[in-house]
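K.L.:
Take this sequence and fold it.
(chains A and B)
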Amino acid sequence: MATMVAKTFRGGVHAHYHKEDTASKPIRRLPPPARVVIPLHQHTGAPCEPLVKVGDEVKVGQKIGDSSARLTAPVHASVSGKVVGISLHPQSGGRDVLSVIIESDGKETLDEHVEPRTDVDHLSADEIKAVIREAGIVGLGGAAFPTYFKLTPPPGKSFDTVILNGAECEPYLSADHRLMVERPGDIVDGARLLLKATGVNRAYIGIEENKPDAIEAISKAVKGDDRISVVPLKVKYPQGAEKQLIWAILGREVPSGGLPVDVGVVVNNVGTAAAVRDAVFSGMPLVERVVTVAGSCIAEPQNVVVKVGMLVSDLIEACGGYSAPPAKVIIGGPMMGVAQFTTDIPVTKGTSGVLLLSKDEAAPCDAMPCVRCGKCVEACSMRLMPLWIASYAEAGRFDDAERMNALDCIECGCCSFICPSRRRLVQAIRLAKSEIMARRRRAQAK
Amino acid sequence: MIYLKAVLSLGLMGAVFGLALALAAKKFAIEQDPRQDRIVEVLPGANCGGCGFPGCSGLAAAIVAEKAPVDGCPVGGPAVAAKVAAIMGVEVGAAKERKVARVLCQGSSDNCGSRFVYDGLSDCKAAQLVDGGAKACVYGCLGLGSCVAACSFDALHMGPDGLPVVDEEECTSCGRCVAACPRGIIQLVPAAQSVTVLCRSYARGAEVRKTCKVGCIGCGLCVKVCPTGAVTVENNLAVIDPAKCDACGKCVEKCPTKCIVMKGAKASADALAAS
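P.N.:
I've put the predicted structure just below:
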């Protein structure tokens, strides 16, 4: 491995990583909260219908919401106790989502469906995918795309490679890093299950070079299985973006408007792989996840295992509370995460981090005119020209923005990050994307 | 001699090319209804798109092709419709009711707070994409002025309290501001309609009370007090049927949050009488 040159993609930026506060501390398991708010829509796809009523007793791992839609992911109770409400509750992203509110009885009684599986080796690909679906597993990197759906190639297409994403390129976040150091065996078990589920016999685990302990741990765990290799990646943001990761590892380019399956690849987060392993081996659905709590305004920055549905305000309390009043609270990483206006929101399956940033870390700034320096073009990880797409969007010329391939933007934020004029490039491109999609929907409806 | 040669050769070439061009013009002539150009001349020429066609020439072509009515221009009103009708040699139908844009929100910064500090593009649609907008009321005006930027008739301005104000005299009801608003707060209403509910919130009364001082709480007092049965409450929001409303002003008086107001001609007449 040592002789291997670290791989990467074209473009991207180098941000300060700020991972030192949390990356060296072991993951701490938080005691179950007294109350959880479990949104019925935590994933890409159709929202779930509640399967419980107010007053019902529920147990850990019991399914409390599901949908008959093709693209969805069921949700499960993360604590045992009583359902005290099913109502709209704010969620990160600003929308109110129908949520099941459970008061914990503190007993952590397991649901009878949750039991270790002894016949793991005999499971077929379809059976593994069914387990993944029933366990409500979604991409834990942040996008929360239902995993079983991703593992099934559309008709006429097929996979030849599985990639596990351990890049964790977002600053501050170290949840995947700690997971790779502490549970490398489980992640590799998860990788083997994903290989079986997709019928593929080639897997790569991409890890940025700034996590040598993780590379070492995972390399040790894959020893003896020559289907899986560890690929050290250059430290650069957004190395963990799907298309950039595929390019770095395989040199394949996902076509414009396409998906990784178009080049025969399926990418999953290392955390997702561990969740798949848990669901298949122990029968435990996705009811908890590792969350990085960091930033200069939290008293005890650390990685914690959190029950899905725990309120962010309780989570902050459990990490020692605020050390200073934060200027910005972000769910996710600082580059792609979403700033919040309340902490009365639950941790969901897609919550990779909670960042409490000080005024110095998140200073507001005024946008200045574009000086045509071209830095955004250099930094764009999708090889677009952000300055033009953004100006067209601001001028309302969405046809022109579409012609400049606005829809290929992955909203990684490199252009806004690098812009010396502090222009709101990603925001303008997001506006263009939403308008272009709205126009397409309108045209389709006609 | 040399001059004569030049004059003759150039003259000859000119005559040949001229003839060729004349023949080409005849042969490849595009049939265009002469009325189309005349209609373009009488249309306002703002190319606002309010008619639904691409600019004034687009509408003219559609009128000539009888795919649009002669009074298809919402900006020109009856005067332009009459001229277009004369060109087309038809009668104008009954004069269309003049409409104006109205901003159905009074949630100024004093009346309705913010959920967070928005620091981004000064565009309402972009702001709406950030956590659903910073305004405390998710139905209220975001106040970034996308409607003002969309108005090509100088009929919309940003008021001192952060809400757009329509100059109803200048408004041509082209509808561009309506399309620019991501929250559907601006609507085209008959200019004659004076009693208007200036709120678009479907939230329940208690929630409205929490976020806005002047929002409709759906209390239904207006329904009770209305002598003509013109007011109904649908989805926690009072709705006035302009056909039934006789502008008596009882609901305006009774409304506890003052979200029903007297607007337009009647309001100015009342103000005059009061002074």
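
K.L.:
the helices in chain B, which residues?
P.N.:
All helices of chain B, identified by DSSP state H, fall at B:2-27, B:34-42, B:55-64, B:77-88, B:124-128, B:146-150, B:176-180, B:205-211, B:221-225, B:250-254, B:264-274.

K.L.:
Next: the stretch 51-200 of chain A.
P.N.:
For the stretch 51-200 of chain A, applying DSSP state H, counting those that start in this stretch gives helices covering A:125-134, A:147-150, A:175-182, A:184-198.

K.L.:
to the chain's geometric centre, what's the distance from the first one?
P.N.:
Between the mean C-alpha location of helix A:125-134 and the chain-wide mean there is a distance of 20 Å, by C-alpha atoms, centre = their mean, to the nearest Å.

K.L.:
for the record, mean pLDDT for it?
P.N.:
Regarding helix A:125-134, the rounded mean pLDDT is 95.

K.L.:
how about the helices of the stretch 51-200 of chain A in CSV, adding mean neighbour count and distance to chain B?
P.N.:
The C-beta positions use only the backbone N, C-alpha and C, and glycine is treated the same way. Shown next, in CSV, are these (neighbours: other C-beta atoms under 10 Å in any protein chain shown; distance: least, C-beta to the nearest C-beta, whole Å):
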stretch, mean neighbour count, distance to chain B
helix A:125-134, 19, 30
helix A:147-150, 22, 25
helix A:175-182, 26, 23
helix A:184-198, 23, 33
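
K.L.:
quick one: low-confidence parts of the chain?
P.N.:
In the absence of a named chain, chain A is used. Chain A contains residues with pLDDT under 70 at A:1-4.

K.L.:
my question was about chain B
P.N.:
B:93-96, B:264-275.

K.L.:
try it again with 80
P.N.:
B:1, B:91-97, B:263-275 (pLDDT under 80).

K.L.:
And it, split by domain according to the record?
P.N.:
B:34-88, B:97-192, B:193-264 (automatic domain parsing).

K.L.:
so can I have TSV of the ones you listed showing distance to residue A:293 and mean neighbour count?
P.N.:
Shown next, in TSV, are the domains of chain B (distance: least, C-beta to C-beta, whole Å; neighbours: other C-beta atoms under 10 Å in any protein chain shown):
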stretch	distance to residue A:293	mean neighbour count
domain B:34-88	51	18
domain B:97-192	21	19
domain B:193-264	30	18
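
K.L.:
Format these as TSV; extra columns: distance to chain A.
P.N.:
Below are the domains of chain B laid out as TSV (distance: least, C-beta to the nearest C-beta, whole Å):
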stretch	distance to chain A
domain B:34-88	12
domain B:97-192	3
domain B:193-264	11
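
K.L.:
which ones are touching the residue nearest to residue A:54 when sequence neighbours are not counted?
P.N.:
Of all residues not flanking residue A:54 in the chain, residue A:83 sits nearest, at 5.5 Å (C-beta to C-beta, 6 or more residues apart in numbering or on different chains). Residues in contact with residue A:83 (C-beta atoms under 8 Å, 6 or more residues apart in numbering or on different chains) are A:52, A:53, A:54, A:55, A:56, A:57, A:58, A:64, A:100, A:101, A:102.

K.L.:
One more pass at 7 Å, please.
P.N.:
By C-beta atoms under 7 Å, 6 or more residues apart in numbering or on different chains, residue A:83 lies in contact with A:52, A:53, A:54, A:55, A:56, A:58, A:100, A:102.

K.L.:
Number of residues surrounding the residue in chain A positioned nearest to chain B?
P.N.:
When you check chain A against chain B by C-beta to the nearest C-beta, the closest residue turns out to be residue A:94, at 3.0 Å. Using other C-beta atoms under 10 Å in any protein chain shown, residue A:94 has 22 neighbouring residues.

K.L.:
Verify the contact between it and residue B:132 for me.
P.N.:
Yes. Here residue A:94 reaches residue B:132: they are 3.9 Å apart, a contact under C-beta atoms under 7 Å.

K.L.:
will you turn the domains of chain B into TSV that also has distance to residue A:358?
P.N.:
Listed next are those as TSV, based on distance: least, C-beta to C-beta, whole Å:
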stretch	distance to residue A:358
domain B:34-88	48
domain B:97-192	15
domain B:193-264	29
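
K.L.:
wait, which of those domains is closest to residue A:427?
P.N.:
domain B:97-192 (5.2 Å; C-beta to C-beta).

K.L.:
Next one: the lengthiest helix in chain A, is it in contact with chain B?
P.N.:
Using DSSP H, we find that the single longest helix of chain A is helix A:425-445. Yes. Applying C-beta under 7 Å from any C-beta of the partner chain, one finds helix A:425-445 touching chain B at A:427, A:428, A:430, A:431, A:434.

K.L.:
Is it possible to get TSV of these that adds neighbour count?
P.N.:
Formatted as TSV, the residues of helix A:425-445 next to chain B follow (neighbours: other C-beta atoms under 10 Å in any protein chain shown):
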residue	neighbour count
A:427	23
A:428	28
A:430	20
A:431	27
A:434	17
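
K.L.:
Which of the helices of the stretch 51-200 of chain A sits closest to residue A:8?
P.N.:
helix A:175-182 (18.0 Å).

K.L.:
which helices and strands does the closest one pack with?
P.N.:
helix A:212-222, helix A:270-282, strand A:288-294 (3 or more C-beta pairs under 7 Å, 6 or more residues apart in numbering or on different chains; DSSP states H and E).

K.L.:
Please report the distance of the spatially most central residue of chain B from residue A:205.
P.N.:
Nearest to the geometric centre of chain B sits residue B:175, at 2.7 Å (C-alpha atoms, centre = their mean). With the distance defined as C-beta to C-beta, to the nearest Å, residue B:175 ends up 55 Å from residue A:205.

K.L.:
Give me the neighbour count for the residue nearest to residue A:174 when sequence neighbours are not counted.
P.N.:
In space, and not counting its chain neighbours, residue A:174 is closest to residue A:23: 4.1 Å by C-beta to C-beta, 6+ apart. As a burial measure, residue A:23 scores 23 neighbours (other C-beta under 10 Å).

K.L.:
Residue A:23 contacts residue A:176, correct?
P.N.:
No. Using C-beta under 7 Å, residue A:23 makes no contact with residue A:176, being 10.4 Å away.

K.L.:
overlap in contacts of the two?
P.N.:
Contacts common to residue A:23 and residue A:176, judged by C-beta under 7 Å, 6+ apart, are absent.

K.L.:
before we move on, back to that, could you dump the contacts of residue A:83 into JSON lines and include neighbour count?
P.N.:
Listed next are the contacts of residue A:83 as JSON lines, based on neighbours: other C-beta under 10 Å:
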{"residue": "A:52", "neighbour count": "18"}
{"residue": "A:53", "neighbour count": "9"}
{"residue": "A:54", "neighbour count": "13"}
{"residue": "A:55", "neighbour count": "9"}
{"residue": "A:56", "neighbour count": "18"}
{"residue": "A:58", "neighbour count": "25"}
{"residue": "A:100", "neighbour count": "28"}
{"residue": "A:102", "neighbour count": "29"}
